[in-house]
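Asker: Got a predicted model here, sequence first, then my questions.
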Amino acid sequence: KAGVTQTPRYLIKTRGQQVTLSCSPISGHRSVSWYQQTPGQGLQFLFEYFSETQRNKGNFPGRFSGRQFSNSRSEMNVSTLELGDSALYLCASSLAPGDYTEAFFGQGTRLTVV
Amino acid sequence: AQRVTQPEKLLSVFKGAPVELKCNYSYSGSPELFWYVQYSRQRLQLLLRHISRESIKGFTADLNKGETSFHLKKPFAQEEDSAMYYCALSGFLSQGGSEKLVFGKGTKLTVNP
């Protein structure tokens, strides 16, 4: 079956702009989690969605938001981009929330803010 | 609060040597520990979890609740083991379900020929 798909793979944005990233989970998976990966901080949890509801949220400013659709696809949005938002954004899908033993990661979206 | 510490950012060993990647955690509840691996240009993937007590690709990890550690070990490192390794922690909530997955900052393992 197809893996977790993230689009776009690469993005370049300027400071102050906003960006939307997309994540299509594995078919049948209803839980999607988002992470920010940077060389200095490693992987940091952003949020988790299940059945269109945000179930958990990490310690990120309100500029970071997300949503999940009825087909389990998820989007995350970052408004008023800052240079420090440059990172690899990963999403992971699983059958159920907290089911990390069966969580599969996408290849990520590389965001560069200039 | 959940916290995972991987004290070594970089670890370099020679092929055939034993390797140990350290992981310490902080969590007041019942933890669930994982090791994830990310090979060059590949996706992050689960290597092993403490519950299953399995050995994957020759790697093992034992949860030591007294020392709050979950070190990853392999007796004889191979060049193909070179990758980024992340220790991660979740937790079981008393009311059911799991906490979010929290990662350490990772250790880059290089196995030299």
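Answerer: The structure has been received and is ready for your questions. Residues are numbered from 1 along each chain as shown, chains lettered A, B, ... in the order given.
Asker: State the paired neighbours of the lowest-mean-pLDDT helix or strand in chain A in the sheet, together with their directions.
Answerer: Every helix and strand of chain A was ranked by mean pLDDT, DSSP states H and E. The lowest is strand A:53-57, at a mean of 89. Applying DSSP bridges, strand A:53-57 is found paired with strand A:42-50 (antiparallel).
Asker: tally of neighbours for B:Leu47?
Answerer: B:Leu47: 20 surrounding residues under other C-beta atoms under 10 Å in any protein chain shown. The C-beta positions use only the backbone N, C-alpha and C, and glycine is treated the same way.
Asker: Quick check: which element contains it?
Answerer: For B:Leu47, the host element (DSSP states H and E) is strand B:45-49.
Asker: Is chain A within reach of that strand?
Answerer: Yes - using C-beta under 8 Å from any C-beta of the partner chain, we find that strand B:45-49 touches chain A at B:Gln45, B:Leu46, B:Arg49.
Asker: Any chance you could list what contacts stretch B:85-94?
Answerer: Residues outside stretch B:85-94 that contact it (C-beta atoms under 8 Å, 6 or more residues apart in numbering or on different chains): A:42-43, A:98, A:100, B:2-4, B:6, B:21, B:23, B:25, B:27, B:29-38, B:44, B:47, B:70, B:72, B:98-104, B:106-109.
Asker: Which ones among these lie within strands?
Answerer: Secondary structure from DSSP state E places A:42-43, B:3-4, B:21, B:25, B:30-38, B:47, B:72, B:102-103, B:107-109 of the contacts of stretch B:85-94 in strands.
Asker: For PyMOL, write a command that selects the buried ones of the residues you listed.
Answerer: Restricted to buried positions by 16 or more other C-beta atoms under 10 Å in any protein chain shown, the PyMOL selection for the ones in strands among the contacts of stretch B:85-94 reads:
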select buried, (chain A and resi 42+43) or (chain B and resi 4+21+25+31+32+33+34+35+36+37+38+47+72+102+103+107+109)
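Asker: Let me know the average pLDDT across stretch B:31-50.
Answerer: Mean pLDDT, stretch B:31-50: 91.
Asker: Okay, now the unreliable bits of chain A?
Answerer: Scanning chain A for pLDDT under 70 picks out A:1.
Asker: Kindly recompute the last result at 80.
Answerer: A:1-2, A:97-102 (pLDDT under 80).
Asker: do the same with chain B
Answerer: Looking at chain B by pLDDT under 80, you get B:1, B:51-55, B:91-99.
Asker: Quick check: residues of it near chain A?
Answerer: B:32, B:34, B:43-46, B:49, B:51-52, B:86, B:88, B:90, B:97-106.
Asker: Buried among the residues you listed? Need that as a selection in ChimeraX.
Answerer: Listed next is the ChimeraX selection for buried residues among those, using 16+ other C-beta under 10 Å:
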select /B:32,34,43,44,46,49,86,88,90,98,99,100,101,102,103,104,105,106
